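Peer 1: sequence and predicted structure below; questions after.
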Amino acid sequence: MTASPVYQARQATQLLGGVQRVRTRVRGFAPWSSERATLALLDQVQGILDEYVDHRPAGHLSMPPSSSQEHGT
C-alpha cells in the first residue's frame, strides 16, 4: 500500500522542521538547448581536433600486443 500524496507532503514538512519547499530543482532529464555561443565554441574545438588528428599518438588506435608478442615467442 502506498502513502497518499497528502501524507507524503506532511512527512516532508516534518522532516524539514516545518519549512515548506517553495521551489525544487528539475528532476530527471531537464529540457536543455545550447546557446549559439556554446555551439560556435564546440565547432571551433572540433575543427582543432580534426586539424591535428594526424599528430595524435599512434598507440591510441592500435591493439595491445598479444602475450606471444610480449615474450618474443
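Peer 2: Yep, that arrived. Numbering: from 1, shown residues only.
Peer 1: show me where this protein has its strands.
Peer 2: Per DSSP state E, the chain carries no strands over any range.
Peer 1: which stretches of it aren't confidently modelled?
Peer 2: Scanning the chain for pLDDT under 70 picks out 1, 12-13, 15-16, 18, 20-21, 58-73.
Peer 1: all helices for it, in order.
Peer 2: Applying DSSP state H to the chain gives helices spanning 5-15, 36-51, 67-70.
Peer 1: can you redo the ones you listed as CSV with mean neighbour count and distance to P57?
Peer 2: Placement of C-beta: from N, CA and C, glycine included. As requested, these are exported to CSV (neighbours: other C-beta atoms under 10 Å; distance: least, C-beta to C-beta, whole Å):
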stretch, mean neighbour count, distance to P57
helix 5-15, 11, 53
helix 36-51, 10, 14
helix 67-70, 8, 19
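Peer 1: closest to V22 out of these?
Peer 2: helix 5-15 (12.2 Å; C-beta to C-beta).
Peer 1: hang on, the earlier thing: with distance to V22 as extra columns, can I get the helices of the chain in CSV?
Peer 2: As requested, those are exported to CSV (distance: least, C-beta to C-beta, whole Å):
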stretch, distance to V22
helix 5-15, 12
helix 36-51, 30
helix 67-70, 62
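Peer 1: out of the ones you listed, which is closest to T24?
Peer 2: helix 5-15 (10.5 Å).
Peer 1: related to what we said a few turns ago, of the helices of the chain, which approaches R27 most closely?
Peer 2: R27 sits nearest to helix 5-15 of all the helices of the chain, at 14.2 Å, using C-beta to C-beta.
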